[in-house]
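Enquirer: following is a predicted model, sequence given first.
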Amino acid sequence: MSAPRVVAVAPASPAARAGLQVGDEILAINGEMPRDVIQYRLLVDDRDPELEVGRGGLQLLVEVDKPDGQPLGVEVHSALFDQVRTCDNHCAFCFIYQLPPNLRKSLYLKDDDYRLSFLYGNFTTLTRFTEADLERVVTEHLSPLNVSIHATDPEVRTAMLRNRRGATSLRWLRALLDHGIEVHGQVVVCPGINDGAVLDDTLCGVLDRYPELASLCVVPLGVSRYNTEATMRPHTREEAEAVLDTVEDWQDVYRSVLGRRLAFAADEYYLLADRPFPDDEAYEGFAMHEDGIGMARTFEAEFTGRAARATGPRDGFFAWVDGAPAEGYRAPRAQLTIRPSRKAPVAILTGTYGARVLEPLVADRARLLTVENRFFGGNIGVTGLMVGDDIARVLADEPAGHRYLLPDVCLSQGRFLDGTTPDDLPHPVEVIATDGIALREALA
């Protein structure tokens, strides 16, 4: 276990007044060493906490003057100070197995840690969940959590996870729901594996055993050119249509029994089936926006002015803890303002799926530069997985002096997934937030 290291101190905060400094290691709080940022937050929430601090080889006692509940004003280096609970499943559809070599080491980490589900919205299969974990989740009310279900049939789930605990681990889902924990579920649909009758059985099983689920997203698997699993392949149009039909049929059943739709299909299915997206109200508040459910409709609402503010990460779906570092999807995405001229022609860089969403919105206001994802290949067409090498290829033949708008969703801490940065591109780009309001303002 490593001690949390201070990476930022808010000016005029209790921590700043007490003399905490960047680089300090917090060895203990009120005599207890926290194992993660959740426990850290609970400890520093107390009135006048005492911190044992390591600084330059010395150990200091820092007494902080603050009331109960006031944030300490410190950001620490990591969300977890003990080991990340890694995933011991071997799912054939796991995208981490389909990554190219020589990327950042952190991209190859497979986690199955309920704490990262609470903090950042990661999905957990619960195959490594324990009684002690349940006690902590319930006691500290670590809610909401996100759970990968994939199939409710024990044999199918075991085969998909390639883990014998796949058959029994959904008992923890039942226990979480029994204790009032909000849970969002996910089914990654693999053609020929858990679609068709199996998907019907799963949606029936959810109604029968887990009707308290806050929502259930049904998403297609991504298949990169590095896939080595012969059974994993992209959906055909007919299969996408069948998934949509199944989900929409079960939405009717759920509405008649539960009074809500419960299950939702990913935007990608509507694009694959060439069907219009459902109306805004059909998404019932867009609870699974971050998982690609209703993202196109929210973008349209933002761009056209139907939505007064950007949807963004949601309170109650992506949980927030004071002091937790931004990681993964929540990592900083600094916007750049590089505008050759407000009168310069505008082009928008986007993925193949994004282009189909944007085209009817911006056809008379900007060009679309569709970036084919050759880096990952396969059926990867989402804008968030665009990389610098592919963008550079598209920009290479474009004229200088134009405005090139790049959505920030493909950047994490200023870098693309292939390790390059916007500075490596052949033309300056203007990085804007990935929402309709930001695009509308950029085009104004």
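Expert: Ah, there it is.
Enquirer: packing partners for the helix or strand containing residue 42?
Expert: Using DSSP states H and E, the element containing residue 42 is helix 37-44. Here helix 37-44 is seen to pack against strand 25-29, strand 74-76, helix 114-120 when contacts are counted using 3 or more C-beta pairs under 8 Å, 6 or more residues apart in numbering; DSSP states H and E. In short, each C-beta sits where N, CA and C put it, glycine included.
Enquirer: run the chain-centre distance for that helix.
Expert: Relative to the centre of its chain, helix 37-44 is centred 23 Å away, using C-alpha atoms, centre = their mean, to the nearest Å.
Enquirer: ok, and what's touching it?
Expert: For helix 37-44, the external contacting residues (C-beta atoms under 8 Å, 6 or more residues apart in numbering) are 4, 26, 29-30, 32, 34, 49, 64, 71-72, 74, 76, 78-81, 115, 118-119, 140, 142, 321-325.
Enquirer: that helix versus strand 25-29: what angle between them?
Expert: Put simply, helix 37-44 runs at 60 degrees to strand 25-29, going by axes from the mean of the first three to the mean of the last three C-alpha atoms, to 10 degrees.
Enquirer: coming back round to it: redo the helices and strands packed on helix 37-44 as CSV? Include mean pLDDT and mean neighbour count.
Expert: Formatted as CSV, the helices and strands packed on helix 37-44 follow (pLDDT from 0 to 100; neighbours: other C-beta atoms under 10 Å):
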stretch, mean pLDDT, mean neighbour count
strand 25-29, 96, 19
strand 74-76, 93, 23
helix 114-120, 93, 24
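Enquirer: where do the helices sit along the stretch 151-300 of the chain?
Expert: With DSSP state H, counting those that start in this stretch as the criterion, the stretch 151-300 of the chain has helices at 154-161, 171-178, 196-209, 237-258, 267-273, 295-304.
Enquirer: packing partners of the fifth one?
Expert: Meaning helix 267-273. Applying 3+ C-beta pairs under 8 Å, 6+ apart, one finds that helix 267-273 contacts strand 215-220, helix 237-258, helix 295-304, helix 352-362.
Enquirer: need the helices and strands packed on helix 37-44 in CSV (columns: distance to residue 233).
Expert: Output for the helices and strands packed on helix 37-44, formatted as CSV (distance: least, C-beta to C-beta, whole Å):
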stretch, distance to residue 233
strand 25-29, 49
strand 74-76, 43
helix 114-120, 29
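Enquirer: out of these, which comes closest to residue 101?
Expert: Of all the helices and strands packed on helix 37-44, it is helix 114-120 that lies closest to residue 101, at 24.6 Å by C-beta to C-beta.
Enquirer: by contact count, what packs against the closest one?
Expert: In terms of contacts (3+ C-beta pairs under 8 Å, 6+ apart), helix 114-120 is packed against helix 37-44, strand 123-124, helix 131-140, strand 145-148.
Enquirer: one more pass at 6 Å, please.
Expert: Under the contact criterion of 3 or more C-beta pairs under 6 Å, 6 or more residues apart in numbering; DSSP states H and E, helix 114-120 touches strand 145-148.
Enquirer: averaged pLDDT, the strand it packs on. What do you get?
Expert: Averaged across strand 145-148, pLDDT comes to 96.
Enquirer: which other residues reach it?
Expert: Outside strand 145-148, the residues within contact range by C-beta atoms under 6 Å, 6 or more residues apart in numbering are 117, 118, 121, 123, 125, 173, 183, 184, 185, 186.
Enquirer: please tell me how far the last one sits from residue 202.
Expert: Distance, residue 186 to residue 202, by C-beta to C-beta, to the nearest Å: 11 Å.
Enquirer: swap in the first one?
Expert: When C-beta to C-beta is applied, the distance between residue 117 and residue 202 equals 20 Å.
Enquirer: also the third one?
Expert: In this structure, residue 121 and residue 202 are separated by 22 Å, where distance is defined by C-beta to C-beta.
Enquirer: okay, those two: which has more neighbours?
Expert: A side-by-side neighbour count of residue 121 and residue 202, using other C-beta atoms under 10 Å, places residue 202 first with 27 against 21.
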